[in-house]
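Participant: no sequence for this one, just the structure:
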């Protein structure tokens, strides 16, 4: 069971690191393509797989030696869910900062201002996901170290 947990954690850590690096790159270049968001979905699924492996390990009586192992195996999925909620709220945060009530108010602005707002929302979403990827990678690596 240790080997399955390590392999899954390595995959999750790798995907998290790629998300972190790719997200930072996309944010810096001011463009995140479909590849980034598709990879984020794959990373989210991998955190679910990691939690499933943790459940199977627990049910089969695996004893990792360190109780923190279980925390590190389950926390990546929690980080993924929280990041998704923060990403979803980022548009409203940007609108609130600019004192705009909703998307229709953005539609009434000049095209240049609309583009700036859309860019700000996309940049914020990208940065949130990149940071989540880094945290997920760290937690998955800690799962390997404590297993």
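Facilitator: Arrived safely. Keep in mind that what you see is a predicted model, and the values were worked out from it rather than measured.
Participant: now the element after the helix or strand of the chain with the lowest mean pLDDT, going C-ward?
Facilitator: One helix or strand of the chain scores below all others by mean pLDDT, DSSP states H and E: helix 103-107, with a mean of 82. Tracing the chain past helix 103-107, the next element assigned as helix or strand by DSSP states H and E is helix 111-146.
Participant: enumerate every residue touching the residue most central in space within the chain.
Facilitator: Nearest residue to the geometric centre of the chain (CA atoms, centre = their mean): residue 132, 3.9 Å. Contact analysis of residue 132 by CB atoms under 8 Å, 6 or more residues apart in numbering lists 16, 19, 79, 80, 82, 83. From N, CA and C alone the C-beta is placed, and that goes for glycine too.
Participant: so for residue 46, what's the nearest residue that isn't a sequence neighbour?
Facilitator: Distances taken as CB to CB, 6 or more residues apart in numbering place residue 12 nearest to residue 46, at 4.7 Å, with adjacent residues excluded.
Participant: and whichever strand or helix holds the one you found, what's buried?
Facilitator: Applying DSSP H and E as the criterion places residue 12 in helix 2-29. Across helix 2-29, burial judged by 16 or more other CB atoms under 10 Å covers 5, 8-9, 11-13, 15-20, 22-24, 26-27.
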